[in-house]
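S.K.: return atomic coordinates for the entry below.
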Amino acid sequence: MSKEFTVSIPVQYRDLDPQGHVNNAVYASYLETARVDYLEDVLEVAAADISFVVATLEIEFKHPITKGDDPTVALWIANLGESSCTMEYEIRVDGTVAATADTTMVHIDPDTGRPSPLPDEVRARMEPFENVDPSG
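M.R.: Down below sits the predicted model:
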């Protein structure tokens, strides 16, 4: 059974726009926080040693998030390729999806900066998070 990785992210005052909503640019930071936590916790890779780069990022906004909310970011692997993967996300508040997103992550060789195949141990740790059905 595939599973999702979740992390709670507190809304900070600095995250808000003049209307009291979390600014659209901050959503990407929430995704980054979840992604880095996933790489550190699941892949057991220190942040300084992460060999993934974001190739694409797409966010669809559904509902605003405000200061009193307690958002949770869920992520899973939608597609695990040879040297890349697609991560999908839901930012949820009280069970309601506030935004959906996806990133294409490319594994790179730190010496050359070029795409490189996912190491077997990385692939093995990512596979349990592949092909999650977020609707249950």
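S.K.: so what's Pro110 up against?
M.R.: For Pro110, the contact set (CB atoms under 8 Å, 6 or more residues apart in numbering) comprises Ser51. Where you see a C-beta, it was placed from the backbone N, CA and C, and this is true even at glycine.
S.K.: repeat for Asp41
M.R.: Phe5.
S.K.: what's the separation between it and Lys62?
M.R.: 27 Å (CB to CB, to the nearest Å).
S.K.: which helix in this protein has the most residues?
M.R.: With residue count as the measure and DSSP state H as the assignment, the chain has helix 24-41 as its longest helix.
S.K.: would you mark the buried spots in that one?
M.R.: Val26, Tyr27, Tyr30, Leu31, Ala34, Arg35, Asp37, Tyr38, Leu39 (16 or more other CB atoms under 10 Å).
S.K.: now swap in stretch 119-135 and tell me
M.R.: Val122, Arg123, Arg125, Met126, Phe129, Glu130, Val132.
S.K.: Serialize those to CSV and add fields for secondary structure and pLDDT.
M.R.: Formatted as CSV, those follow (DSSP: H, G, I helix; E, B strand; the rest coil; pLDDT from 0 to 100):
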residue, secondary structure, pLDDT
Val122, helix, 90
Arg123, helix, 91
Arg125, helix, 91
Met126, helix, 93
Phe129, helix, 91
Glu130, strand, 89
Val132, coil, 74
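S.K.: which among these gets closest to Ala98?
M.R.: Closest approach between the buried residues of stretch 119-135 and Ala98, by CB to CB: Val132, at 18.1 Å.
S.K.: quick one: list the elements packing against the worst-scoring helix or strand of the chain on mean pLDDT.
M.R.: Lowest by mean pLDDT, DSSP states H and E among the helices and strands of the chain is helix 120-126, with a mean of 91. With contacts taken as 3 or more CB pairs under 8 Å, 6 or more residues apart in numbering; DSSP states H and E, helix 120-126 sits against strand 72-80.
S.K.: thanks a lot, catch you later.
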